[in-house]
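In: A structural model of the following input is requested.
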Amino acid sequence: MELLPLLLACSLLFTVAAPARDITSVCASQIRDFPHRNSSGLHLTLHHPQSPCSPAPLPSDLPFSTVLSHDDARAAHLASRLATNNDAPPRRPTSLRKKAAGGRFDDSLATVPLSPGMSIGVGNYVTQLGLGTPATSYAMVVDTGSSLTWLQCSPCVVSCHRQAGPLYDPRASSTYATVPCSASQCDELQAATLNPSACSVSNVCVYQASYGDSSFSVGYLSRDTVSFGSSSFPGFYYGCGQDNEGLFGRSAGLIGLARNKLSLLSQLAPSLGNSFSYCLPTSASTGYLTIGSYNPGQYSYTPMASSSLDASLYFVTLSGMSVGGSPLAVSPSEYSSLPTIIDSGTVITRLPTSVYSALSKAVAAAMGGAARAPAFSILDTCFEGQASRLGVLAVGMAFAGGATLKLPTRNVLIDVDDSTTCLAFAPTDSTAIIGNMQQQTFSVVYDVARSRIGFAAGGCS
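Out: Numbers count the residues shown, from 1 in each chain. Predicted coordinates:
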């Protein structure tokens with residue numbers, strides 16, 4: 001799994017971070033970071049992956065080409081989940097062996113092939129989650145494309161990556177319990193992780209979460225009290241990771257918000273309601289994640305579409321696009337020619353090839369005399385200069401039911417280095433994806449109870 005986050009010199013919006021001497025004061029001004037619950041739901045602070053205030057840092061020398069490579073792996077896996085025939089080879093077998101300190105106690109968990117999974121990538125946003133009794137806070141990546149919440153657990157019998165803060169220690173929690181293989185939640189793991197569950201010799205259920213970049217987490221399905229500020233929810237099911245290998249950055253694990261019985265959303269729905277909303281911030285600010293009630297009047301809505309190929313992902317129907325108020329020169333049917341996922345962890349929006357080609361031509365025309373630059377990784381519509389200096393470029397995205405996103409320049413162009421900016425869209429012939437570059441600073445609500453998704457401008461302010 002690639003769960004990376006904090007401080008990247010080349011940033012997704014490539015906003016220059018504050019000088020080191022100012023970081024403390026900058027971050028102090030962003031402390032809406034205390035989770036709290038009120039009549040309108042549970043509120044958490046979200047951090048951009050490249051924010052200097054993020055609790056889970058990224059390597060400072062990570063090239064932006066690597067960001068795009070990880071993003072392409074994630075997009076490829078999302079597409080593979082919708083393919084009717086997935087012929088990808090299985091992962092190498094993985095096994096865990098638990099050794100008591102100074103002893104030879106051996107609890108062999110499992111040795112099974114892991115199927116390919118999703119690249120979590122550097123595009124995911126970070127928040128804080130409390131676990132155990134007494135509660136300890138952990139920096140977690142938030143992902144609408146994943147179901148199972150998991151984090152690294154002591155004693156970490158095989159492998160744990162370096163994380164910000166201590167590992168979760170189940171022995172220090174008075175409310176921790178493992179989940180037996182006979183539990184219904186163990187049966188749910190196949191749908192939640194796309195891998196079968198396994199069973200230890202001591203009858204403990206074993207989860208296996210694998211991702212498209214060969215990263216994975218394997219461990220015990222467990223139950224404990226999850227908390228956000230002063231609000232706690234007992235009996236929360238999650239993965240207690242004992243073998244966590246790959247590009248995880250310094251986050252402790254992942255929060256899954258997909259449509260599955262084991263997701264955080266589904267487990268908290270009886271207490272908070274079956275909806276969540278977020279505003280994904282730029283690297284220069286903070287955003288939020290709210291689980292529960294929201295103000296319905298502020299949004300324009302599109303129905304959640306569905307796919308029999310994957311019931312856990314969130315689908316929408318794109319119905320039109322425009323540049324500078326002029327519709328693209330493509331037929332209406334082209335927009336819905338592919339299934340379209342809205343995803344918090346994919347950075348670059350993927351469009352059907354014909355739609356992308358029309359968008360690319362229209363943007364190039366709207367840029368006037370801007371000199372073209374060579375393609376950069378998966379981005380092939382590039383210009384010399386920085387986005388902020390190339391004038392105003394407005395792109396509209398319309399969805400079934402009348403919902404719209406009116407994208408300003410910052411949501412359309414992305415600076416890939418000091419002298420080049422590129423269109424933050426890419427073509428696809430398989431699965432279209434509405435990525436987080438286009439969602440940044442908008443309030444987006446996932447009203448699962450009413451099967452609709454809403455958009456509103458100015459969400460992070």
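In: C-alpha from now on. contacts and neighbour counts both.
Out: OK.
In: Show me the helices in the protein, by range?
Out: Remark: helices assigned in the chain by DSSP state H are 20-28, 64-81, 184-187, 189-193, 264-272, 332-335, 353-366, 436-439.
In: helices or strands up against the second one?
Out: Counting by 3 or more Cα pairs under 8 Å, 6 or more residues apart in numbering; DSSP states H and E, no packing neighbours are recorded for helix 64-81 among the helices and strands.
In: List the buried residues for that helix?
Out: For helix 64-81, a neighbour-count test (16 or more other Cα atoms under 10 Å) marks 64, 67-81 as buried.
In: Kindly report the same for stretch 307-319.
Out: 312-319.
In: Show me how far that stretch is from its chain's centre.
Out: 16 Å (Cα atoms, centre = their mean, to the nearest Å).
In: swap in stretch 265-283?
Out: 13 Å.
In: domain assignment for the protein?
Out: Per automatic domain parsing, the structural domains of the chain span 20-291, 296-456.
In: quick one, phi psi at Leu82?
Out: phi -100, psi 0 (degrees, to the nearest 10).
In: wait, it sits on Leu309?
Out: Yes: Leu82 is in contact with Leu309 according to Cα atoms under 8 Å; the separation is 5.2 Å.
In: Quick check: Val448 vs Ser322, distance?
Out: From Val448 across to Ser322, the span is 29 Å (Cα to Cα, to the nearest Å).
In: swap that for Leu272, please
Out: 38 Å.
In: Show me the shaky parts of the chain.
Out: 1-34, 36, 38-40, 50, 57-60, 84-123, 211-214, 247-249, 461 (pLDDT under 70).
In: so where do the strands sit in the stretch 251-400 of the chain?
Out: 253-256, 275-279, 286-291, 300-303, 315-316, 318-323, 326-327, 340-342, 349-352, 372-373, 382-384, 395-399 (DSSP state E, counting those that start in this stretch).
In: Would you mind finding the most buried of the ones you listed?
Out: strand 253-256 (a mean of 27; mean count of other Cα atoms under 10 Å).
In: Restrict it to CA atoms and write it as CSV.
Out: C-alpha atoms of strand 253-256 as CSV (Å, rounded to 0.1, in the frame of the first residue of the first chain):
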residue,chain,number,x,y,z
GLY,A,253,-2.4,3.2,8.4
LEU,A,254,-5.6,3.8,6.4
ILE,A,255,-9.2,4.9,7.0
GLY,A,256,-11.6,3.2,4.5
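In: Can you list the strands that that strand pairs with?
Out: Take DSSP bridges as the rule and strand 253-256 pairs in its sheet with strand 136-143 (parallel), strand 150-152 (antiparallel).
In: which other helices and strands contact the lengthiest strand in the chain?
Out: Of all segments of type strand in the chain, defined using DSSP state E, the longest is strand 231-245. In this structure, strand 231-245 packs against strand 150-152, strand 216-228, with contacts taken as 3+ Cα pairs under 8 Å, 6+ apart.
In: quick one, which of these is nearest to Ala164?
Out: strand 150-152 (11.3 Å; Cα to Cα).
In: Now tell me what touches the closest one from outside.
Out: 140, 160, 167-168, 238-242, 244, 252-255 (Cα atoms under 8 Å, 6 or more residues apart in numbering).
In: and if you look at stretch 308-325?
Out: 81-84, 144-145, 147, 258-260, 302-307, 327-328, 332, 335-336, 339-343, 359, 362-363, 366, 393-400, 453.
In: Name the nearest residue to Ser283, ignoring sequence neighbours.
Out: Ser51 (4.4 Å; Cα to Cα, 6 or more residues apart in numbering).
In: Next one: the residue nearest to Gln185 when sequence neighbours are not counted relative to Tyr237, how far apart?
Out: Nearest non-adjacent residue to Gln185, counting by Cα to Cα, 6+ apart: Leu262, 7.4 Å away. The gap separating Leu262 from Tyr237 is 7 Å, by Cα to Cα.
In: how many neighbours does Thr421 have?
Out: 25 (other Cα atoms under 10 Å).
In: who's in contact with it?
Out: If you count contacts by Cα under 8 Å, 6+ apart, then Thr421 has 382-387, 413-415 around it.
In: Can you add distance to Ser227 and give those back as CSV?
Out: Below are those laid out as CSV (distance: Cα to Cα, whole Å):
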residue, distance to Ser227
Cys382, 45
Phe383, 47
Glu384, 48
Gly385, 46
Gln386, 42
Ala387, 41
Leu413, 38
Ile414, 36
Asp415, 38
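In: What separation is there between Thr428 and Ala258?
Out: For Thr428, the distance to Ala258 - Cα to Cα - is 23 Å.
In: brain fart, Leu289
Out: From Leu289 to Ala258 the distance is 14 Å (Cα to Cα).
In: wait, which of the contacts of strand 150-152 is closest to Ala284?
Out: Scanning those for proximity to Ala284, where the rule is Cα to Cα, the winner is Met140, at 19.4 Å.
In: Bridged to that closest one, which residues?
Out: With DSSP bridges as the rule, Met140 is bridged to Thr127, Gly253.
In: For it, grab the count of nearby residues.
Out: When neighbours are counted by other Cα under 10 Å, Met140 comes out with 29.
In: Also the one 3 residues further on?
Out: Other residues within reach of Asp143, judged by other Cα under 10 Å, total 24.
In: That one is in contact with Asn124, isn't it?
Out: Yes: using Cα under 8 Å, Asp143 is in contact with Asn124, at 6.6 Å.
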